[in-house]
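[1] mind looking at a prediction? Sequence and model below.
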Amino acid sequence: MVTRHTYASIDDLRDYLAGTTYSSGWTSDAIILRRILETASLRIDDYVGMQSFGARTDTKYFDIGTGSSRDTVQLYEYAGNNTDIGVGDRLVQSIPLGAWLVSPSTVTSYSGTDRTTSETLTEGYNNDFFLTPYNSTPKIELKMNEDTAKALNAGQQTLSIAGTWGYSNDTTGALTTTGAITSTSVVSWGVNDATDLEVATTILVDTEQMYITGISSNTLTVERGVNGTTAATHTSGASVYTYIYPSDVVQACLDLGRIFFRDRDAGVTPTLGTGEQEVTKSNVDAKSVLKTLDGYRNTTTQSGVFF
């Protein structure tokens, strides 16, 4: 799935480039700046593990088994007695999600031998599973409830999780549509005030995400039903929200954008070193920017004892 979330705005990148010696003429080309920011955002997603800092609707499937060759990690938990190993000890099925999960809508367990047989699982105490970490989002692990002794069926793709994936589902603002969007194919429609909106921004109308590709006065041109959502009709006066992202991710996007713009403006990518040791300065600089996001990496795996 192509993710349509761009972490910095074109105007912010223009302002960021204003103090540089790069060609001022290029900063007026919104198409170039948009492509640079989209590339920078995808580079960030790739670095943190092919995840998005913006929300997307998706269903992911997991293989369930007892070995490290399957998705399931078996965590060995002791029942308060480390002397008599095996007495009162238990294995608890714990599944690393491999991606950030904001909230699940449906968690389904399938039969290992008959995929037509399924059971919808319920989250919470006295139910089937928990999502961890317990007290914050995004979630990175599904852990079966040991007290209710619910177990997953072994096999390929015997667990599915449908829901909102991504680092957060945070939005801001509350504009409104000035007329009904009466068709799922309509790509231009009006809002009451587009002053603070920009091209390459992801917006939310009801449950549909849209990606702004053009703005003329208070009329938006958009790509419909992005990030796994479905194009739908909307009433006049429907609320329009804008997605927002962590400030350090926005800064990294701007820094990468400046690097990409610099090298494009120069018309050549300078190199460091020679022969097998040669690397591009662009890659060196980009890596130093991406390393500021290391705190977001490796948060999709859960350490534990493998069996």
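    Great, that's in hand.

[2] where along the stretch 51-200 of the chain do the helices fall?
    Secondary structure of the stretch 51-200 of the chain (DSSP state H, counting those that start in this stretch): no helices present.

[3] where does the prediction get shaky in it?
    66-92, 112-113 (pLDDT under 70).

[4] low-confidence ranges in the stretch 201-307 of the chain?
    Applying pLDDT under 70 to the stretch 201-307 of the chain flags residues 265-282, 298-307.

[5] can you map out the helices along it?
    So, for the stretch 201-307 of the chain - with DSSP H, counting those that start in this stretch - the helices run 247-266, 281-290.

[6] and the longest one with helix 281-290, angle?
    This means helix 247-266. Relative orientation of helix 247-266 and helix 281-290, computed by axes from the mean of the first three to the mean of the last three Cα atoms, to 10 degrees: 170 degrees.

[7] neighbours around residue 126, how many?
    Using other Cβ atoms under 10 Å, residue 126 has 8 neighbouring residues. No exception for glycine: its C-beta is placed from N, CA and C like everyone else's.

[8] could you do residue 15 as well?
    Neighbour tally, residue 15, other Cβ under 10 Å: 12.

[9] measure stretch 206-223 end to end?
    Stretch 206-223 has its terminal residues 15 Å apart, counting by Cα to Cα, to the nearest Å.

[10] ok, which stretches of the stretch 201-307 of the chain are strands?
    202-205, 208-216, 219-223, 239-243, 271-272, 279-280 (DSSP state E, counting those that start in this stretch).

[11] please identify the most buried of the ones you listed.
    Highest mean neighbour count of the strands of the stretch 201-307 of the chain: strand 202-205, a mean of 22 (counted as mean count of other Cβ atoms under 10 Å).

[12] residues contacting the residue nearest in space to the middle of the chain?
    For the chain, the residue nearest the mean C-alpha position is residue 52 (2.0 Å; Cα atoms, centre = their mean). Residues near residue 52 by Cβ atoms under 8 Å, 6 or more residues apart in numbering: 3, 5, 45, 100, 165-167, 227.

[13] ok, now residue 238?
    176-177, 181, 205-206.

[14] want to throw the residues you listed into CSV with distance to residue 244?
    Below are those laid out as CSV (distance: Cβ to Cβ, whole Å):
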residue, distance to residue 244
176, 19
177, 20
181, 23
205, 16
206, 18
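
[15] if we can go back for a sec, go through the helices of the stretch 201-307 of the chain and pick out the most buried.
    Comparing the helices of the stretch 201-307 of the chain by mean neighbour count (mean count of other Cβ under 10 Å), helix 247-266 comes out on top with a mean of 19.

[16] how far does that helix sit from the chain's center?
    The chain centre lies 20 Å from the centre of helix 247-266; the measure is Cα atoms, centre = their mean, to the nearest Å.

[17] export that helix to CSV, keeping only CA atoms.
    Extracted in CSV, the C-alpha atoms of helix 247-266 (Å, rounded to 0.1, in the frame of the first residue of the first chain):
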residue,chain,number,x,y,z
SER,A,247,7.9,17.6,15.6
ASP,A,248,11.2,15.7,15.3
VAL,A,249,9.9,13.8,12.3
VAL,A,250,8.8,17.1,10.7
GLN,A,251,12.3,18.5,11.3
ALA,A,252,14.0,15.4,9.8
CYS,A,253,11.8,15.8,6.7
LEU,A,254,12.8,19.4,6.3
ASP,A,255,16.5,18.5,6.8
LEU,A,256,16.3,15.7,4.2
GLY,A,257,14.4,18.1,1.8
ARG,A,258,17.2,20.6,2.1
ILE,A,259,19.8,18.0,1.3
PHE,A,260,17.9,16.7,-1.8
PHE,A,261,17.2,20.3,-2.9
ARG,A,262,20.9,21.2,-2.5
ASP,A,263,22.1,18.3,-4.7
ARG,A,264,19.5,18.8,-7.3
ASP,A,265,20.3,22.5,-7.5
ALA,A,266,24.0,21.8,-7.8
